[in-house]
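Engineer: sequence-free structure coming up:
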């Protein structure tokens, strides 16, 4: 007997069918892998850092500490007080002694004096009447460098100047160190409301 010849058409159809099944299976695997990649990863539960949690609770419970004034605050406040007294007494020599070689001043009404001579002249020639008491309070100094500090404060004077009743002024004073002395280099005043 003769061996049967294999049916080539059937074999090709079987191979094609097997190949199609393999393609479908490969596509299914690829889809599953793609779905896994697209699926957002679930974050692992965060581990609680007890120290950080305690610190956060402490921050919420405790109010913030107020800023601390520079140790030079008292000395600069006294210096500015001396300047106000010299202004009241129209003492040009004392004002020149308390101020830096370069000096600028902005009055509460916005007038600007850009030199030491202009500023001292303004302070000693203002039309002021009945000024007997001057006081600098609420001083708070902040160091910008070892030789530059800013002093904020409130200055008050009784009486009148330039036809207006004096009232409290918020002041910002910049001091510079000349030699071993602190000298006023810039003063800005604004009405306290």
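Structural biologist: All right, it came through fine. On a predicted model such as this, the values are computed, not experimentally measured, just so you know.
Engineer: alpha carbons only for contacts and neighbour counts from here, please
Structural biologist: Fine.
Engineer: show me where the chain has strands.
Structural biologist: Here the chain has its strands, by DSSP state E, at 99-106, 112-113, 128-129, 134-145, 148-157, 160-161, 164-165, 169-178, 181-191.
Engineer: can you count the residues close to the residue nearest to residue 152 when sequence neighbours are not counted?
Structural biologist: Distances taken as CA to CA, 6 or more residues apart in numbering place residue 172 nearest to residue 152, at 4.6 Å, with adjacent residues excluded. Per other CA atoms under 10 Å, the neighbour tally for residue 172 reads 20.
Engineer: Any stretches of the protein with poor pLDDT?
Structural biologist: 1-62 (pLDDT under 70).
Engineer: mind checking how far residue 77 is from residue 135?
Structural biologist: Remark: distance between residue 77 and residue 135 (CA to CA, to the nearest Å) = 10 Å.
Engineer: whoops, residue 176 was the one
Structural biologist: Taking CA to CA, one finds residue 176 at 22 Å from residue 135.
Engineer: So for these two, which residue has more residues nearby?
Structural biologist: residue 176 (23 against 17).
Engineer: Report the beta-bridge partners for the more buried one.
Structural biologist: residue 148, residue 183 (DSSP bridges).
Engineer: Next up, the contacts around it.
Structural biologist: By CA atoms under 8 Å, 6 or more residues apart in numbering, residue 176 lies in contact with 100, 147, 148, 149, 182, 183, 184, 185.
Engineer: By neighbours, which of those residues wins?
Structural biologist: Of the contacts of residue 176, with other CA under 10 Å as the count, residue 184 tops at 30 neighbours.
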